[in-house]
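Participant: next come a sequence and a model predicted from it.
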Amino acid sequence: MQHQEIALRKSVMQLLTRAEKLCQSWDVYQSKTLNLLHTVHNLDQQRALTLDNATDKLQHTLLIDEPHFLFKQTCRYESALKQLDVFFKSTWQALMDDWEKLEHEANHTFIKFNASCPPTSKPVPLSSQALIQVASVSPSQAQQWIQTLKSHYASQFHTKRMLLLDLTASEHPMPLDTLLTQWSHQSYLHHLSLPTLLSERILLYKQIKAAIEAA
C-alpha cells in the first residue's frame, strides 16, 4: 500500500507541476501578445499621421515619397497583425489543448485513486512519510484545482478570441486603445489566486521531500 501511495503522490505532483508550467506559459504569451498589440497600435497611429500630413501638404494629394512610406508602414502593420493572429491560433491554442489533456488526466487519476484506495479513518502514524503526506495534495484536490484553472483560462481565452476576431475581421473594429485595455485586464484571471497557491504547495512539497531524503 505504501508503494501505491508514493506512486500516487508522484503522479499528482507531476500533474500539478504541469499545471504550474501552463500558468507560467500563459503569462509569457500574455506579455508577447501585448507587445505585438502595442506594435500594431503604434503602426496604426503612424499610418494615420502620415495620411494627415500628406493631406495638409497637398490638399489630399500625397507627395512622391509618402506613398512608399505609407506602403512600408502598412506592410509592417499587417505583418504584426498576422504574427498576433498566427501566434494566438497556433501556439496559444496549443496551450489550451494542453489544459484539456491535463484536466482529462487529473480526472483519470482521481477515478483510479478512488478505485484502488477507498476512504479510511485510520490515523496516520507520526513519521517522515506522514509529514510528506501532509504536504502533498490529494487527487481530489488536484482535480478540483486543475478544473478551476482550466475553466478560468478557457473563459479568458474565449474573450481574447472575440477581441482578436473584432480586430481582424470586423468592418468596424473597436478602437485599438480600448482593445489593448481589455486584452490587458484579463477579468477572469484578475482575482485568481490559485496559481500562486499551486506554486507554494509544489515548493513546500519539494522542500519537505528534499529534507526527508537528506536526513
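Facilitator: Cool, the structure landed. This one's a predicted model, so the numbers in the text were calculated from it and none came from an experiment.

Participant: tell me where this structure has helices.
Facilitator: Secondary structure of the chain (DSSP state H): helices at 2-58, 65-87, 93-116, 128-135, 139-169, 176-185, 194-214.

Participant: out of those helices, which gets the lowest mean score?
Facilitator: Lowest mean pLDDT within these: helix 128-135, a mean of 74.

Participant: on that earlier part again, now tabulate the helices of the chain in a markdown table and tack on mean neighbour count.
Facilitator: For glycine as for every other residue, the C-beta is placed from the backbone atoms N, C-alpha and C. Supplementary listing: the helices of the chain in a markdown table, determined by neighbours: other C-beta atoms under 10 Å:
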| stretch | mean neighbour count |
| --- | --- |
| helix 2-58 | 15 |
| helix 65-87 | 15 |
| helix 93-116 | 15 |
| helix 128-135 | 14 |
| helix 139-169 | 17 |
| helix 176-185 | 14 |
| helix 194-214 | 14 |
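
Participant: in this structure, which residue is closest to the centre?
Facilitator: Centroid-nearest residue in the chain: residue 26, 2.2 Å away (criterion: C-alpha atoms, centre = their mean).

Participant: list the contacts of that one.
Facilitator: 95, 153 (C-beta atoms under 8 Å, 6 or more residues apart in numbering).

Participant: for it, give its distance to residue 157.
Facilitator: Residue 26 sits 9 Å away from residue 157 when distances are taken as C-beta to C-beta, to the nearest Å.

Participant: can you check residue 67 too?
Facilitator: 40 Å.

Participant: do the same with residue 36
Facilitator: 16 Å.

Participant: same thing with residue 94?
Facilitator: Taking C-beta to C-beta, one finds residue 94 at 12 Å from residue 157.

Participant: now residue 83
Facilitator: Counting by C-beta to C-beta - residue 83 and residue 157 are separated by 18 Å.

Participant: next one: residue 17
Facilitator: Distance from residue 17 to residue 157, by C-beta to C-beta: 22 Å.

Participant: cool, and residue 47?
Facilitator: 30 Å.

Participant: so residue 198 makes contact with residue 24?
Facilitator: No. Residue 198 is not in contact with residue 24 according to C-beta atoms under 8 Å; the separation is 10.5 Å.

Participant: out of everything not next to it in sequence, what's closest to residue 32?
Facilitator: residue 87 (6.9 Å; C-beta to C-beta, 6 or more residues apart in numbering).
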